[in-house]
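Participant: Take a look and give me a structure for this.
(one chain, ligands or ions: 2)
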Amino acid sequence: MAVFTPVSLEDVTQWITQFPLGKVLGLKGISAGIENSNFFLTTERGEYVLTIFENLSFEQLPFYLNFMHHLADHGVLVPDPIANDQGGLVTALHGKPASIVTKLEGRSQMEPQPVHCAEVGAMLAKMHIAGLDYKLQQPNLRGLDWWHETTPLVLPYIPEDKAQLLKSEVHYQETFAACEDYKQLQVGPVHADLFRNNVMFQGTRLTGFFDFYFAGCDTWLFDVAVTVNDWCIDLDTGVLDEARVRAMLDAYHAVRPFTVAETHAWQAMLRAGALRFWLSRLYDYYMPREAEMLTPHDPSHFERILRERIATPAPGLY
Ligand SMILES: Nc1ncnc2c1ncn2[C@@H]1O[C@H](COP(=O)(O)OP(=O)(O)OP(=O)(O)O)[C@@H](O)[C@H]1O
Ligand SMILES: N[C@@H](CCO)C(=O)O
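Facilitator: Ligands and ions are numbered 1, 2, ... in the order given. Okay, the predicted model is just below:
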């Protein structure tokens with residue numbers, strides 16, 4: 001279970017008085033997730049999620065929480081952060097930054113069909129457009145600079161064939177990021193981690209995106225690539241399922257048409273999306289943090305996806 005910072009009902013009873021949520025009725029640790037400590041929180045006003053941030057700082061968090069609030073305000077389905085009596089969305093709990101957000105209905109759809117992918121594609125495009133007038137700026141903290149810093153840290157742990165692939169892909173992505181088409185890509189705040197387990201559904205109706213704590217300013221196409229690489233694949237092989245890819249891309253395109261530069265950049269961006277998670281999983285695997293219970297994600301899944309994207313062209317954007 002990924003509760004890095006234990007919290008008791010007693011702890012929260014006092015702490016909650018600064019929020020307009022009434023008395024605490026229940027608190028339950030959430031086992032899913034590997035980044036933060038999460039709890040379902042029941043108060044007199046309803047159901048919420050309490051998150052204690054294990055890696056993000058007080059300075060970084062306003063970008064994410066205000067972004068969620070901005071999106072909620074613009075009709076994008078996301079958890080809405082609750083302000084305390086000072087108007088703050090981030091409040092210390094056990095000396096760490098913490099926040100309370102509204103709880104989304106439903107559950108994650110771990111075996112998505114084209115209909116689910118279409119819902120995700122349309123909401124993703126809506127989210128990108130809604131983010132256009134979001135004022136705060138923060139880079140994607142798991143972008144190219146982070147790949148550069150992290151690659152040398154994991155290289156000593158991995159066998160030669162993987163090390164070669166990692167080094168050559170970082171080099172390829174460096175060249176890609178410097179090309180003309182890349183510079184034409186639309187940039188804005190993106191989710192950057194929109195996996196199956198970060199979206200809620202009730203049946204085939206999408207009820208919300210969540211887990212915005214890897215969001216940052218990056219290309220919209222990177223967000224699409226990360227999302228396709230998780231939602232539209234056969235999980236055993238990493239091979240793209242054309243029906244799901246088409247459903248997601250067509251639904252996105254209907255809300256926010258892809259550009260010509262994006263079509264040129266698409267194949268390389270799918271590789272970037274795979275590299276980002278291969279590297280973060282290698283890092284988490286070889287340099288784990290302490291948690292009460294924690295199962296690291298399998299890095300080889302994204303190595304397989306990366307090799308597959310290099311070997312086989314994906315369906316086009318439109
Ligand atoms: N706003 C929300 N509404 C309903 N459930 C939520 C909400 N936020 C989180 N959850 C539940 O908590 C679980 C863990 O949250 P999350 O995925 O954000 O974990 P994390 O550790 O922060 O991140 P990661 O997915 O990157 O490991 C989710 O799988 C989901 O069941
Ligand atoms: N989605 C990430 C976990 C961090 O959110 C992964 O699957 O590696």
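Participant: does Pro315 sit in a helix, a strand or a coil?
Facilitator: Three-state assignment for Pro315 (DSSP: H, G, I helix; E, B strand; the rest coil): coil.
Participant: Within range of ligand 2, give me the residues from the stretch 101-250 of the chain.
Facilitator: 193, 195 (CB under 6 Å from any ligand atom). C-beta coordinates here come from the backbone N, C-alpha and C atoms, glycine included.
Participant: mind showing which ranges of the stretch 151-300 of the chain have poor pLDDT?
Facilitator: Low-confidence segments of the stretch 151-300 of the chain (pLDDT under 70): 289-294.
Participant: can you pull out the helices in it?
Facilitator: 160-177, 180-183, 220-231, 242-255, 260-286, 299-311 (DSSP state H, counting those that start in this stretch).
Participant: and among those helices, the most buried is which?
Facilitator: helix 220-231 (a mean of 25; mean count of other CB atoms under 10 Å).
Participant: Tell me how far the residue nearest in space to the middle of the chain lies from Thr263.
Facilitator: Nearest to the mean C-alpha position of the chain, by CA atoms, centre = their mean, lies Asp193 at 2.0 Å. Distance, Asp193 to Thr263, using CB to CB, to the nearest Å: 24 Å.
Participant: same question, Phe209
Facilitator: 25 Å.
Participant: What of Arg256?
Facilitator: For Arg256, the distance to Thr263 equals 14 Å [CB to CB].
Participant: ok, now Gly29?
Facilitator: In terms of CB to CB, Gly29 sits 45 Å off from Thr263.
Participant: in which helix or strand would I find the residue of the chain found nearest ligand 1?
Facilitator: Residue nearest to ligand 1 within the chain (CB to the nearest ligand atom): Gly33, separated by 2.2 Å. Following DSSP states H and E, there is no helix or strand that holds Gly33.
Participant: Is it correct that it is in contact with Tyr213?
Facilitator: No: contact criterion CB atoms under 8 Å: Gly33 and Tyr213 do not qualify, at 9.8 Å.
Participant: Among these two, which residue is more densely surrounded?
Facilitator: Tyr213 (26 against 17; other CB atoms under 10 Å).
Participant: The nearest residue to the more buried one once chain neighbours are set aside - how many residues pack around it?
Facilitator: Spatially, and ignoring its direct neighbours in sequence, Tyr213 is nearest to Tyr64 (5.5 Å; CB to CB, 6 or more residues apart in numbering). Applying other CB under 10 Å, we find 24 residues neighbouring Tyr64.
Participant: cool, and Pro114?
Facilitator: What Pro114 shows, counting by other CB under 10 Å, is a neighbour count of 18.
Participant: any idea how far Leu132 is from it?
Facilitator: From Pro114 to Leu132 the distance is 28 Å (CB to CB).
Participant: for Gly26, same thing?
Facilitator: Taken as CB to CB, the span from Gly26 to Leu132 is 39 Å.
Participant: Ok, Gly143 next?
Facilitator: From Gly143 to Leu132 the distance is 20 Å (CB to CB).
Participant: How about His171?
Facilitator: To Leu132, His171 is 33 Å away according to CB to CB.
Participant: Kindly report the residues of the stretch 201-318 of the chain close to ligand 1.
Facilitator: 210-211, 213.
Participant: let's see it at 5 Å
Facilitator: The stretch 201-318 of the chain has residues 210-211 near ligand 1, with proximity defined as CB under 5 Å from any ligand atom.
Participant: cool, the stretch 51-200 of the chain as well?
Facilitator: Contact residues (CB under 5 Å from any ligand atom) of the stretch 51-200 of the chain with ligand 1: 79, 103-104.
Participant: now the residues you listed as JSON lines including pLDDT and secondary structure?
Facilitator: Converted to JSON lines, these look like this (pLDDT from 0 to 100; DSSP: H, G, I helix; E, B strand; the rest coil):
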{"residue": "Pro79", "pLDDT": "98", "secondary structure": "coil"}
{"residue": "Lys103", "pLDDT": "97", "secondary structure": "coil"}
{"residue": "Leu104", "pLDDT": "98", "secondary structure": "coil"}
